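Undergrad: Quick one, structure for this:
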Amino acid sequence: MNGTALPQLADLFALSTDRIHRAAADLWPDEPLTLGDHVPSVTGYVHRARVGGRDVFAKDSVLGLSLVSVLRGLAGDRDRVRAAQAAYATSPVSLLAREAAQLRALDAAGVRVARCAGCAGGVLFTEPVSGPTLADLIAKDPARTGDLLTAAVTGLQGLQHPHLAAQVDAAPIPERSIDGTFRRKFNGVSGRLYVGRLGLDRLDERTRQGVTAGVGVVVARLLKLRLVPPVSPTVIVYGDLKPEHVLFPDGPDEEPVFIDPGLARGPAGPRTTTPQSSSPERSSR
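TA: Residues are numbered from 1 along each chain as shown. Sure thing, here's the model as predicted:
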């Protein structure tokens, strides 16, 4: 490989596919792995798969970064990414190793999650969860929004289980915190592009321009705020909890199932904010 070339999507996918096969062979040496459909994701490489007679999802993460960041050269050229990933995949604190630990801890605490089927070589295998998401159900029946949100909150009551808290302290995922996720998505040029493309496939142009203008103002104001360190006791916070991460496989009247946890410590009550003196274009911390 040319050491000056940026990583290419095809290269990353080929390497991830190889890692998935190697991880499955380590976990289930006597059971063949068959890869199914690729599941589009901006944060990793996800595939439907079948191991022996079981359906699973296989997920690989490149250095714990979004694919967009890697493709833009944030982690270096292709050779550098490949070398760094070889070390990262075997680290006990890699993103997916911590996610596997959190899925197991949530399951033990009574929170319904996509159960961890295995984790090896930086690749996470989870049991599949099907059914409509919280976003799907709200869009279908907005009048039930309150009930559906209540079901999601109720489903996370086990977050403060003492055993879970100890597990999270040992393997937190702060990069999926609410503040961290917001700043990654909306900071700088990429944030402006993201806001500018809102509603492209759903709204007429006049309505869309009004939405992007309003969202742009809100985002700019929020980026000027600085979260004050909490003075109250901390609790376990789910982090990157969004409607697409809450599924209702048994229907809207049953308990939801949660995916992609990002558990970490957070304040028990509201935090105050103060304006930043720097521009919203500053880099994420």
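Undergrad: send the alpha carbons of stretch 17-24 over as PDB?
TA: Taking only C-alpha atoms (Å, rounded to 0.1, in the frame of the first residue of the first chain), the coordinates of stretch 17-24 have been written out as PDB:
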ATOM      1  CA  THR A  17     -14.800  -8.700   6.900                       C
ATOM      2  CA  ASP A  18     -11.500 -10.600   7.500                       C
ATOM      3  CA  ARG A  19     -11.600  -9.700  11.200                       C
ATOM      4  CA  ILE A  20     -15.200 -10.900  11.500                       C
ATOM      5  CA  HIS A  21     -14.300 -14.300  10.000                       C
ATOM      6  CA  ARG A  22     -11.200 -14.600  12.300                       C
ATOM      7  CA  ALA A  23     -13.200 -13.600  15.400                       C
ATOM      8  CA  ALA A  24     -16.000 -16.200  14.600                       C
END
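Undergrad: Name the residues that touch it?
TA: Contacting residues not belonging to stretch 17-24 are listed as 31, 33, 35, 45, 47, 49, 51, 58, 60, 89, 118-123, 125 [CB atoms under 8 Å, 6 or more residues apart in numbering]. Heads up, the C-betas are built off the backbone N, CA and C, glycines and all.
Undergrad: Same question for stretch 236-252.
TA: By CB under 8 Å, 6+ apart, the residues outside stretch 236-252 that reach it are 129-135, 137-138, 141, 144, 147-148, 151-152, 155-156, 159-160, 164-165, 168, 173-174, 176-178, 181, 254, 256-266.
Undergrad: Looking at those residues, which are in strands?
TA: If you go by DSSP state E, the contacts of stretch 236-252 have 257, 258, 264, 265, 266 in strands.
Undergrad: Around residue 265, how many other residues sit close by?
TA: Residue neighbour count, defined by other CB atoms under 10 Å, stands at 17 for residue 265.
Undergrad: Tell me, how many residues neighbour the closest residue to residue 147 other than its chain neighbours?
TA: If the residues on either side of it in the chain are set aside, residue 147 comes closest to residue 252, at 7.9 Å by CB to CB, 6 or more residues apart in numbering. Neighbourhood size, residue 252 [other CB under 10 Å]: 18.
Undergrad: tell me the secondary structure for residue 252?
TA: coil (DSSP: H, G, I helix; E, B strand; the rest coil).
Undergrad: Pop out the phi and psi values for it.
TA: The phi/psi pair for residue 252 (degrees, to the nearest 10) reads phi -70, psi -10.
Undergrad: Could you find which two of the ones in strands among the contacts of stretch 236-252 are furthest from each other?
TA: Greatest spacing in the ones in strands among the contacts of stretch 236-252, by CB to CB: 257 and 265 (23.9 Å).
Undergrad: follow-up on the earlier one: for ChimeraX, what selects the buried ones among the contacts of stretch 236-252?
TA: Buried members of the contacts of stretch 236-252, defined by 16 or more other CB atoms under 10 Å, are picked up in ChimeraX with:
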select :129,132,133,134,137,138,148,151,152,155,156,159,164,165,168,173,176,177,178,181,256,257,258,259,260,261,262,263,264,265,266
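Undergrad: Out of the contacts of stretch 236-252, name the ones that lie in helices.
TA: Among these, the residues falling in helices (DSSP state H) are 134-135, 137-138, 147-148, 151-152, 155, 164-165, 168, 178, 181.
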